[in-house]
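Peer 1: what follows is a predicted protein model with its sequence.
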Amino acid sequence: LKSIELAYNDNSSVNNERISTNAKLDGLSYHKPDYSNSNGVGVIDFPMHWNFQYAKDAFNVAKNNDKYYNDATYNVVYVDSHDYGPDCISTVRYNMGTAAWAENMCLMFTFRGIPCIYYGSEIEFQKGKIIDNGPNSLLSETGRAYYGNHLSGSVTATDFGEYTASGTVKDTLNSTLAQHLIRLNKIRQAIPALSIGQYTTDNVSGDMAYIRRYTDENIDSLALCAVSGSATFSNIPNGKYVDVVGGDVINVSNGKLTTRNISKGNLSVYVYENSTTG
């Protein structure tokens, strides 16, 4: 029973746990992760999942708990699934609205971890429907309904995120969240700091804001990220920063950058011009 209680309470009631800095920058510097205590197994990030009713809560849980994972950059991050939605709406598919879904995706694709999207989330498929109602409902009326009708037609991919489509799948791919997801994937692919970098929230002011960086012998990728609002980053290198989302350019001369104020579900990613991508 004690082991069940500890699992339920996650990290909150466990004393003398080993801690790790593998997911965190050392100041503003990337450091080689220490995997000497790793068992080689990644995890699904249930603490973030249960708090994804609001993205800010999931973000804060991650910041507080990441030291208890050997390397939280390998945590699989998701909002809803074939079994559960976040806490308080746990029995239904996520139904907090399009802007909230866009906000969740902005965080998932630019913060640490491996984003995992349940099928149909890009069109809010079956939002608010009970995910699994056993024999009490038709499958078509639940969150596990067949998604295939939204994929009718054809898709020809010409590059990463570049395609032509016809039929119903064209409408699916043209939906607001699907286009948002495509763009986030392109941004994540183009900036190594977002996919394999460490992070810090030190010297960062903002509700959901963080610095990501990845460095090796060929790459030095530095990005300043702000989700659903503005943020101020201090003690950063002077130079030119370009927001890859909105195109804004800021020349930093005093080690400080303040982003533009953006609405819920939007994102700023200011990339240091001296960053290299290999």
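Peer 2: Cool, the structure landed. Just so we're clear, the structure is a prediction, and the values are computed from it rather than from any experiment. Residues are numbered from 1 along each chain as shown.
Peer 1: before we move on, which element is the spatially most central residue of the chain in?
Peer 2: Among the residues of the chain, the smallest C-alpha distance to the mean C-alpha position (C-alpha atoms, centre = their mean) belongs to Met108, namely 0.8 Å. Using DSSP states H and E, Met108 falls within helix 98-110.
Peer 1: same question for Lys240.
Peer 2: Judged by DSSP H and E, Lys240 forms part of strand 239-243.
Peer 1: angle of the strand or helix carrying Val61 against helix 98-110?
Peer 2: Under the criterion of DSSP H and E, Val61 resides in helix 55-65. Interaxial angle of helix 55-65 relative to helix 98-110 (axes from the mean of the first three to the mean of the last three C-alpha atoms, to 10 degrees): 30 degrees.
Peer 1: just the residues contacting the helix or strand just after helix 55-65, thanks.
Peer 2: Using DSSP H and E, the helix or strand that follows helix 55-65 towards the C-terminus is strand 76-77. Judged by C-beta atoms under 8 Å, 6 or more residues apart in numbering, the contacts made with strand 76-77 from elsewhere in the structure are 42-45, 48-49, 108, 111, 113-116. Where C-beta positions appear, they are placed from N, C-alpha and C, glycine not excepted.
Peer 1: so how far is strand 76-77 off the chain centroid?
Peer 2: For strand 76-77, the distance from its own C-alpha centre to the chain's C-alpha centre is 8 Å (C-alpha atoms, centre = their mean, to the nearest Å).
Peer 1: contacting residues around the lengthiest helix in the chain?
Peer 2: Within the chain, and with DSSP state H defining each element, the longest helix by residue count is helix 176-190. If you take C-beta under 8 Å, 6+ apart as the criterion, helix 176-190 is touched by 98, 101-102, 105-106, 109-110, 117, 121-124, 160-161, 172-173, 194-195, 244-245, 265, 267, 269, 277.
Peer 1: stretch 232-246 too?
Peer 2: If you take C-beta under 8 Å, 6+ apart as the criterion, stretch 232-246 is touched by 28, 187, 190-191, 203-206, 209, 211, 222, 224, 248-260, 262, 266-274.
Peer 1: please check those residues and keep the buried ones.
Peer 2: Burial by neighbour count, 16 or more other C-beta atoms under 10 Å: within these this picks out 187, 191, 204, 206, 209, 211, 222, 224, 250, 252, 257, 259-260, 262, 266-272.
Peer 1: let's see which of those residues end up in strands.
Peer 2: Using DSSP state E, the members of the buried ones among the contacts of stretch 232-246 that fall in strands are 204, 209, 211, 222, 224, 250, 252, 257, 267-272.
Peer 1: from these, which is closest to Leu138?
Peer 2: Closest to Leu138 out of these is Leu267 (38.1 Å), distances taken as C-beta to C-beta.
Peer 1: if we can go back for a sec, restrict the strand holding Lys240 to CA atoms and write it as PDB.
Peer 2: The C-alpha coordinates for strand 239-243 follow below in PDB (Å, rounded to 0.1, in the frame of the first residue of the first chain):
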ATOM      1  CA  GLY A 239      23.300  41.000 -30.500                       C
ATOM      2  CA  LYS A 240      20.500  40.500 -32.900                       C
ATOM      3  CA  TYR A 241      17.500  38.400 -32.100                       C
ATOM      4  CA  VAL A 242      14.800  37.500 -34.600                       C
ATOM      5  CA  ASP A 243      11.300  36.200 -33.700                       C
END
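Peer 1: all set, thanks.
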